[in-house]
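# Predicted model, plus sequence, below.
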Amino acid sequence: SPATSPETLLMLAGEVAGLRSAEFDEAVLQLRYREWADRVAAAFEASGVTATPTVLLDGAPVTVLGSTGHAVAPEEFLWQLGLGR
């Protein structure tokens, strides 16, 4: 798909300081990790998870993002795990 074309991936990688190199670009252009990426994407879709980040505790979701989209306070996170005071 256009979103995962080598050109798009290289453009996005260019936005990450230190990621691009001749070896990296060659791996992307040769689709060296395409099979692995397809397996990971299929596993994600089959998992039922609909967003990242997602944390599950014994199969139940734990809230990691508050209503503003920012991480919940550490105390709230620990409370959900049964470790809060």
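Perfect, thanks for sending it. Values in this document were obtained by computation on a predicted structure and should not be read as measured data.
# Contacts only, for the spatially most central residue of the chain.
Against the mean C-alpha coordinate of the chain, by CA atoms, centre = their mean, the closest residue is residue 52 at 6.0 Å. For residue 52, no residue meets the contact criterion (CB atoms under 8 Å, 6 or more residues apart in numbering). Where C-beta positions appear, they are placed from N, C-alpha and C, glycine not excepted.
# Roughly how far does it sit from residue 9?
From residue 52 across to residue 9, the span is 18 Å (CB to CB, to the nearest Å).
# try residue 55
27 Å.
# same question, residue 26
13 Å.
# higher neighbour count, those two?
residue 9 (17 against 10; other CB atoms under 10 Å).
# Report the residue spans of this structure with pLDDT below the cut-off.
For the chain, the stretches with pLDDT under 70 are 1-3, 85.
# Please enumerate the strands of it.
Assignment of strands within the chain using DSSP state E yields the ranges 55-57, 60-62.
# Which strands or helices does the first one pack on?
Spelled out, that is strand 55-57. Counting contacts by 3 or more CB pairs under 8 Å, 6 or more residues apart in numbering; DSSP states H and E, strand 55-57 is packed against strand 60-62.
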